[in-house]
Each structure stands twice: as C-alpha cells, then as structure tokens.
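**Q** quick one: sequence plus predicted model below, questions after.
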Amino acid sequence: MNSVGHKSTSQPALIEFLVFSVGGIRFGADMEQVSKISRREDENRAGQKIFNFHEMINFKKIDCSYKSPKAILLKDCNEEIGILVDSPEGIISRTARDIQPIPSSIKLKKGSRAIWGATVIEDDIILLVDLLKLCNN
Amino acid sequence: MAKNAKKSKSDLILEEARKLREEKKIVDVDEETVKLVFIKLAGKLYAFYGADIREILTLEKITFVPGTADFILGIINVRGEIESVIDLGKILGVKGKTASETDRLVIAEKEGVRTGILVDSVEDMTDAPVSLLHPPLSSLNKKIAQFVSGGIKHGGAEAAILDMGKIAHKLINE
C-alpha cells in the first residue's frame, strides 16, 4: 500500500529551460546544456566561434534579424562554440508532464531535427531545442 | 363542426410539417447515408467524410516550425494539446493560404495521423445518401485527383470528396 501511495504522490522532476526568441518564435533550451550567456562582442574578442541559431536550424521563411543578440556557450560540446540567439527572456521550469512531442504529422528536416518537443505557457507555444544536437549536426 | 370545414393556415402548415417528417423518416429508413463535411478552399467546394473529422475550430495563433515541408503551416495549442496545421491548398496544388481571421481549422484524424487543416470556410455538415456519391470526375486536376475518393453534387455545385487517408500518407512520408 505504501509503495503505491508513494508513487502516486511523487512529484515529477523540474527541468529548467532558457527561453529565447529568433524570428519572432520562442524556443526553449535545457539549462543543463548551457554553460554561459554573454554578449556577442565579448565572445568575439575571446576568439570564440559563434554561429547564428537561425542558420543552424534551417530557418528559411522568416526574417531573422537579431534585435538583442546574445551568445549561448554550451557545455559538453565537441568544440568550444557559441550559438547566437535573440532576446533571451528568462528561465522557465517545466516537468515532463508539461512537455509534448512535435506531432507525428510533421517531418523535420536536417538542422530542425534538434527541435524535440513543445510546451505551452500562457497559450503561447515554446519549441524545445536540443542545442548539443544542433551543434553536432 | 362540419367534417369538411376549411382548414386553417396553421393546420395546413402542421400537415405539411408532418408530411416532411414522414418523408425524412422514409429516407432515414431506406437510404444508407454517409456524413460529409463540406468546406471551401480557393473558391471550390470539397468534402471530408465526417468520420475523419474530430472538431472544427476558429483560427488560433499558428507557431511556425522551421525546417518543415512547405505545406506545414506550423503548430497550434488546442486546449493544451499541440496539433499540426497543414495548408491544404499547397497539398492540392491550388492557391496556398495566408491565414486570416475568418478561416476555419478542421481537426482531422485518420490512420493514427491527426492534424489541423486550414480552410476558407466550413459550408455544411450533412448526412448524404450513399446513392448520390459518384466516382471522382475525370476532369479533375491530376494533383487534386490523387487525394480524392469520390464526388457529390451539393447545393448545385460539384464537391470532390477528399480522402483523409491519402492526405495522412503524404504527411508521414514527406
């Protein structure tokens, strides 16, 4: 009885996502993959390789000018690279219950296969992206 | 009161209503029917089998997903569930759609594939006698014909009946 009761009351683990926008679309990246967020200029001075997020993820249809660019430096990436994103707005906590897969009716092409799910916040959809998969593509 | 007294207008209306109900009953009993959902796209009438349609919604905000086929408009949030949205016009090779507020979103499901389909309008939902269905017209554009399983006259216009199974097949293979 106790073990059943324990299972039913256990709380799912919280996962923290860094939320940022590119081309007006909101993305979320697992904070466990992020080592640092900094200004592009600082990373350029440090000789860091910086890649534009929209070029890595196969954006074609949308104007992707960066209004407030920031470089995300990754943990555990094969190379020391940074990914340039726009307007990081904060960190959200979600559980696995709050996350849904991308519908099976959508086939993702190379690059965008790093998008692995979605979550809804205040009726707005955030696309979840695996930055390590993106940089290893 | 005389037996053959002139009937009042209301009596005549009720008599007519009774007759119509009887006629409907006769159709219901004798005719095998199929539920059809009629939609309009780029000025043309099409139909889906009602069995493949889960719900009809007004347009929600569509979130674009990068790196998808050009007929995928994106995803939407339907009461906390994520659904894909397709541009039927692009699939059929007719004018592609720019989403507008008057559009309707038809949520369809077939062979385990569920998706929202953006259409200009939903015109009608009806139980049509199977006897009125006919094979696809030979005059149909080839690109459209590959997704059509039949046709029916509705309100004086010809409607191609779309095969959701064939559309689902395209989605999972492209």
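**A** Noted; the coordinates are in hand.

**Q** enumerate every residue touching the residue nearest to B:Asn141 when sequence neighbours are not counted.
**A** Nearest non-adjacent residue to B:Asn141, counting by C-beta to C-beta, 6 or more residues apart in numbering or on different chains: B:Gly93, 6.7 Å away. To be clear about C-beta, it is placed using only N, CA and C from the backbone, and glycine gets the same treatment. By C-beta atoms under 8 Å, 6 or more residues apart in numbering or on different chains, the contact list for B:Gly93 reads B:Asn141, B:Lys143, B:Ile144.

**Q** sketch out the low-pLDDT regions of chain B for me.
**A** By pLDDT under 70, the low-scoring segments of chain B are B:1-4, B:23-30, B:96-98.

**Q** quick one: the helices in it, in order.
**A** Counting by DSSP state H, residue ranges of the helices within chain B are B:9-30, B:88-92, B:142-145, B:164-173.

**Q** now for the last one, which elements pack on it?
**A** Taking 3 or more C-beta pairs under 8 Å, 6 or more residues apart in numbering or on different chains; DSSP states H and E as the contact definition, the neighbouring helices and strands of helix B:164-173 are strand B:81-87, helix B:88-92, strand B:104-110, strand B:113-119.

**Q** please identify the deepest-packed of the helices of chain B.
**A** Comparing the helices of chain B by mean neighbour count (mean count of other C-beta atoms under 10 Å in any protein chain shown), helix B:88-92 comes out on top with a mean of 22.

**Q** phi and psi next, for the residue in chain B positioned nearest to chain A.
**A** Across chain B, no residue is closer to chain A than B:Gly67, which sits at 2.5 Å (C-beta to the nearest C-beta). Backbone torsions for B:Gly67, taken as degrees, to the nearest 10, come to phi 70, psi 40.

**Q** my guess is it meets A:Lys109, correct?
**A** Yes: if you go by C-beta atoms under 8 Å, B:Gly67 and A:Lys109 touch, sitting 4.2 Å apart.

**Q** please say which of these two ends up with more neighbours.
**A** The neighbour count for B:Gly67 versus A:Lys109, taken as other C-beta atoms under 10 Å in any protein chain shown, is higher for B:Gly67 (19 against 13).

**Q** near chain B, which residues of chain A show up?
**A** Listed as neighbours of chain B in chain A under the rule C-beta under 8 Å from any C-beta of the partner chain: A:23, A:25, A:54, A:57-62, A:100-113, A:115, A:118, A:120, A:123-125, A:127.

**Q** in contact with A:Ser68, which residues?
**A** Residues near A:Ser68 by C-beta under 8 Å, 6+ apart: A:Asp86, A:Ser87.
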